[in-house]
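> the following block contains a protein sequence and its predicted model.
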Amino acid sequence: MRDEYKKILVTVDGSDHAKEAVHEAIAIAKRNETSLTILHVKDETRVSGSPYALAQTLEELEQESQAIIADIKRLVADQVEYDFQYYAGNPKKEIVKFSKDFEMDLIVIGSNSKGLLDRMLVGSTTTYVINHAPCNVMVVK
């Protein structure tokens, strides 16, 4: 474990575990007198179907993402300075890529995402991040 973390990334997906990760990341940022980077990745790997269904599903995903962002912004409020990043794609790959591109010191992530079926079919985002991240990863339950 490092003595000090200055570039802290916390990932959010709307799950209870992600909210707990945000609380933990806030505490770490305060101890290290730094800000947070909060990352939400709209999971476009969940969509399929006809063009009409695809458009409707993408719209639903966007609404869900906007609700998650608003909820997390209320949760953090003015406890620490933060930068909110919003991407679309495969969450596990985007999280790892983001952490490499921006040379993060620590990733704080919830132990489980929202979708049990997604975890069973494509594997846990958390497990992927642990195995591929270029920095320390803290898993929060």
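Structure's in. What do you need? Nothing here was measured: the structure is a model prediction, and the numbers come from that model.
> what mean pLDDT does the helix or strand containing Val10 have?
Here Val10, judged by DSSP states H and E, is contained in strand 8-12. Averaged across strand 8-12, pLDDT comes to 97.
> check which element follows it along the chain.
Scanning forward in sequence from strand 8-12 by DSSP H and E, the next helix or strand is helix 16-31.
> which elements pack onto the helix or strand following that next one?
Past helix 16-31, further along toward the C-terminus, the next helix or strand under DSSP H and E is strand 36-43. Using 3 or more C-beta pairs under 8 Å, 6 or more residues apart in numbering; DSSP states H and E as the contact definition, the elements that strand 36-43 packs against are strand 8-12, helix 16-31, helix 51-76, strand 82-89, helix 91-101. To be clear about C-beta, it is placed using only N, CA and C from the backbone, and glycine gets the same treatment.
> the shortest one pairs with which strands?
It stands for strand 8-12. Take DSSP bridges as the rule and strand 8-12 pairs in its sheet with strand 36-43 (parallel), strand 106-110 (parallel).
> by mean pLDDT, flag the weakest helix or strand of this protein.
Among the helical and strand segments of the chain, the one scoring lowest on mean pLDDT, DSSP states H and E is helix 116-122, with a mean of 53.
> tell me the bridge partners for Phe84.
When bridges are assigned using DSSP bridges, the partners listed for Phe84 are Ile38.
> I'd say it and Leu75 touch.
No. Counting by C-beta atoms under 8 Å, Phe84 stays clear of Leu75, with 11.6 Å between them.
> what's the closest non-adjacent residue to Phe98?
Spatial nearest neighbour of Phe98, chain neighbours left out: Leu39 (5.8 Å); criterion: C-beta to C-beta, 6 or more residues apart in numbering.
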